[in-house]
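[1] 3D, please:
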Amino acid sequence: MNDAHYKTILFERNGAVATLTMNRPERMNGMTELMVHEAHDALAHAAEDPSIRVMVMIGAGKAFCPGADLNIVASQGEQPGADSANGRAEPRDYHVSTLLHEMPAVTIAAINGACAGAGFGWACACDFRFAAQSARFNTAFLDVGVAGDMGGPWTLPRLVGAARARELYFMPDKFGAEEALRIGLVTRVFSDETFRGEVAAIVERLASAAPIALRTMKSNFVEAERMDLGSYINLETARHIPMFLTHDTREAFAAKVQKRKPRFEGR
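    Modelled structure (predicted):
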């Protein structure tokens, strides 16, 4: 299913998987105020849909997202913080990164090309980042005289460490997929030829997992960031023990013993 009312993104559903495609390939998916607004709208609805287990973000064409469309910004065609009713972003729309990080579905940035600036921030907010071999990265903010947006100083240190995150922000040099893998920014790199198929296989694996356990596991990781260890274990235990009474957990154990594929029902 494709939600066709958006102008700068595509939002598609295929069973338990939703895909948000940044769709300005003629501008390498350069971000606009309208794209920020539309991405927030689509992700906010997805976050409320319990049938979505995996949320994939990707770019149309040969790029993921290189950040703001510099031509539009330079011509002052858009002013941040304008009214979303006029096709521009409100402050709440800048919580795309919050949605990607905290929504119940597992989120994946499928980085198929240039990933910089605000696009880099969105990628860092996802649960997983997979890169094509030709992908190139850059924080890029300081090069255009801004401090940055989309939550990177919160998410990036948790991925690569505080010192490395500062280096990437304060000295914004371009780097490739293998370096991104080495420093822990991405977890897997695939050839350009096999990239989409490899990502699709991972998505299918996640989407076929026990849905209650999958969403609870995502929530556990989000909640753990806010808690001391003792408080987190209390929460984890309160969620873990009742899960053994669910149909899906009993089915998973039975399927493992019987060496067959489980049949989950989300209950």
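[2] list the contacts for Arg166?
    Pro157 (C-beta atoms under 8 Å, 6 or more residues apart in numbering). Just so you know, the C-beta spots here come from the backbone N, C-alpha and C atoms, and that holds for glycine as well.
[3] Look at it and tell me its secondary structure.
    For Arg166, the secondary structure call by DSSP: H, G, I helix; E, B strand; the rest coil comes out as helix.
[4] Distance-wise, check it relative to Asp143.
    16 Å (C-beta to C-beta, to the nearest Å).
[5] do Phe128 as well
    Per C-beta to C-beta, Phe128 is found 27 Å from Asp143.
[6] And these two? Which one has more around it.
    A side-by-side neighbour count of Phe128 and Asp143, using other C-beta atoms under 10 Å, places Phe128 first with 19 against 13.
[7] wait, doesn't that one sit right on Ala105?
    No: taking contacts as C-beta atoms under 8 Å, Phe128 lies outside contact range of Ala105: 11.8 Å.
[8] any chance you could map the strands in the stretch 101-250 of the chain?
    Listed in chain order, the strands of the stretch 101-250 of the chain (DSSP state E, counting those that start in this stretch) span 106-111, 115-116, 128-132, 136-138, 175-176, 188-190.
[9] Mind putting the ones you listed into CSV with mean pLDDT?
    Formatted as CSV, the strands of the stretch 101-250 of the chain follow (pLDDT from 0 to 100):
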stretch, mean pLDDT
strand 106-111, 98
strand 115-116, 98
strand 128-132, 98
strand 136-138, 98
strand 175-176, 98
strand 188-190, 98
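[10] Ok, which of those strands comes nearest Leu70?
    strand 115-116 (10.7 Å; C-beta to C-beta).
[11] Would you mind pulling the contact partners of the closest one?
    63-67, 109, 123, 131, 135-140.
[12] Return the distance of it from the chain's centre.
    Its chain's C-alpha centre and that of strand 115-116 lie 13 Å apart, by C-alpha atoms, centre = their mean, to the nearest Å.
[13] same check, this time on stretch 161-179
    Worked out by C-alpha atoms, centre = their mean, stretch 161-179 lies 19 Å from the chain centre.
[14] Next up, the contacts around the residue nearest to Met243 when sequence neighbours are not counted.
    Excluding its sequence neighbours, the residue lying closest to Met243 (C-beta to C-beta, 6 or more residues apart in numbering) is Thr249, at 5.3 Å. Counting by C-beta under 8 Å, 6+ apart, Thr249 makes contact with Ala210, Ile212, Ala213, Met243.
[15] can you check Ala109 too?
    With contact set as C-beta under 8 Å, 6+ apart, Ala109 has these partners: Met57, Ile58, Phe64, Cys115, Trp122, Ala123, Cys126, Phe128, Arg129, Phe130.
[16] Poorly predicted segments of the chain, please.
    Along the chain, the model assigns pLDDT under 70 to residues 1-4, 74, 76-87.
[17] Walk me through the domains of it.
    2-207, 211-258 (automatic domain parsing).
[18] deepest of those domains, which one?
    Highest mean neighbour count of the domains of the chain: domain 2-207, a mean of 19 (counted as mean count of other C-beta atoms under 10 Å).
[19] now, which of the contacts of strand 115-116 sits nearest Met217?
    Ala109 (18.7 Å).
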